[in-house]
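1. Any chance you can model this:
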Amino acid sequence: MRWWHPARLGFAVRQGLANLGQGARLFFRLLLLSGSSWRRFGLIRDQIHFLGNYSLSIIAVSGLFVGFVFGLQGYYTLERFGATEALGLLVTLSLVREIGPVVTALLFAGRAGTSLTAEIGLMKAGEQISVMEMMAVDPIDRVLAPRLWAGIIAMPLLAAVFSAMGIIGGWVVGVLMIGIDAGAFWSQIQGGVDVWADVGSGIVKSLVFGVAVTFIALLQGFEAHPTPEGVARATTRTVVMASLTVLGLNFMLTAMMFNI
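-> All right, here's what the predicted structure looks like:
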């Protein structure tokens, strides 16, 4: 039977709609349980430390090297137009608007998202989720909700660190290595970056990416088959689905924010 046979196609569509509905139900249930999660802020704080602090090194180092590359590429591009003094503005706008939130979300999906999926999948495989349910403890309230809010909080902070390190990397290349005037570098940033339009758009994107990536990781872990192979497949799906979702959301958010 071919893959496009009506029976197989109908089964795939029905299965996709069922998965979408199940994910939507879980998401709205997480939102309803947000109040009780914030009353136990210690759980959220611990998860912020787990997701954010342990991802800080890769975010900072990646941001620095991205800033190096942007400094070099931006200088040789602007040199053609005699506008090398605008290097700082080019690097900063590229980072805070687009590159910072997007790359941070992709790195977050690869580092923290996979950890969340594997952790919850192993809890399910070890029957810890079932034990919680037998003890009348809601695993969604106790396990998933704090991790969701931790991811939402950690993502903008990590994106800010990424952008800051990228700007420093652009300054190192442009000012220290190439010899652009330091005053012109920083004054262009100060005069050309709008807090609400530029920095604000990056914050909104990072919040949306935090919700999307963290929820996908939690959903895949919670719905994983309780076997080593099931957990491994769920971890792989987390990276693929989260990366594609971030790129798609970035396009839609950019189109809405800049009225395209």
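2. From now on I want contacts and neighbour counts done on CA atoms only, so please keep to that.
-> Noted.
3. Figure out the helix or strand that A224 lives in.
-> Under DSSP states H and E, no helix or strand contains A224.
4. my read: it touches G230, true?
-> Yes. With contact defined as CA atoms under 8 Å, A224 counts as touching G230 (5.6 Å).
5. Which of the two has more residues huddled nearby?
-> Set A224 next to G230 and count neighbours by other CA atoms under 10 Å: A224 wins out with 24 against 19.
6. And the pLDDT for the residue nearest to G52 when sequence neighbours are not counted?
-> Nearest residue to G52 in three dimensions, chain neighbours excluded: A154, at 5.3 Å (CA to CA, 6 or more residues apart in numbering). As predicted, A154 sits at a pLDDT of 94.
7. quick one: the helix or strand hosting A154 to chain centroid distance?
-> Per DSSP H and E, A154 falls inside helix 145-171. When C-alpha coordinates are averaged (CA atoms, centre = their mean, to the nearest Å), helix 145-171 and its chain have centres 9 Å apart.
8. Give me the helices and strands touching it, please.
-> helix 34-39, helix 41-52, helix 56-78, helix 87-94, helix 100-108, helix 200-222 (3 or more CA pairs under 8 Å, 6 or more residues apart in numbering; DSSP states H and E).
9. angle of it against helix 200-222?
-> 140 degrees (axes from the mean of the first three to the mean of the last three CA atoms, to 10 degrees).
10. where does this structure dip in pLDDT?
-> 1-5, 7, 11, 259-260 (pLDDT under 70).
11. separation between M252 and K205?
-> For M252, the distance to K205 equals 10 Å [CA to CA, to the nearest Å].
12. And the two? Which one has more around it.
-> More neighbours surround K205 than the other of M252 and K205, with 27 against 12 (other CA under 10 Å).
13. That one and N250, how far apart?
-> 7 Å.
14. just L72 next, same as before
-> As judged by CA to CA, L72 and N250 stand 25 Å apart.
15. of those two, who's got more company?
-> More neighbours surround N250 than the other of L72 and N250, with 19 against 16 (other CA under 10 Å).
16. Please, which helix or strand holds that one?
-> Per DSSP H and E: helix 228-257 holds N250.
17. Give me the next element, helix or strand, following the helix holding A154.
-> Next along from helix 145-171, by DSSP H and E: helix 182-192.
18. And that following helix, what does it pack against?
-> Under the contact criterion of 3+ CA pairs under 8 Å, 6+ apart, helix 182-192 touches helix 87-94.
19. Any buried residues in the helix it packs on, and which?
-> Buried residues in helix 87-94, counting neighbours by 16 or more other CA atoms under 10 Å, are found at 87-94.
20. ok, of these, which one's closest to I180?
-> Lowest distance from I180 to the buried residues of helix 87-94 (CA to CA) belongs to L87, with 8.6 Å.
21. The closest one and Q15, how far apart?
-> The separation that L87 has from Q15, given CA to CA, amounts to 50 Å.
22. Dump the helices and strands packed on helix 145-171 into JSON lines; add distance to E133 as well.
-> Shown next, in JSON lines, are the helices and strands packed on helix 145-171 (distance: least, CA to CA, whole Å):
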{"stretch": "helix 34-39", "distance to E133": "17"}
{"stretch": "helix 41-52", "distance to E133": "19"}
{"stretch": "helix 56-78", "distance to E133": "34"}
{"stretch": "helix 87-94", "distance to E133": "47"}
{"stretch": "helix 100-108", "distance to E133": "30"}
{"stretch": "helix 200-222", "distance to E133": "13"}
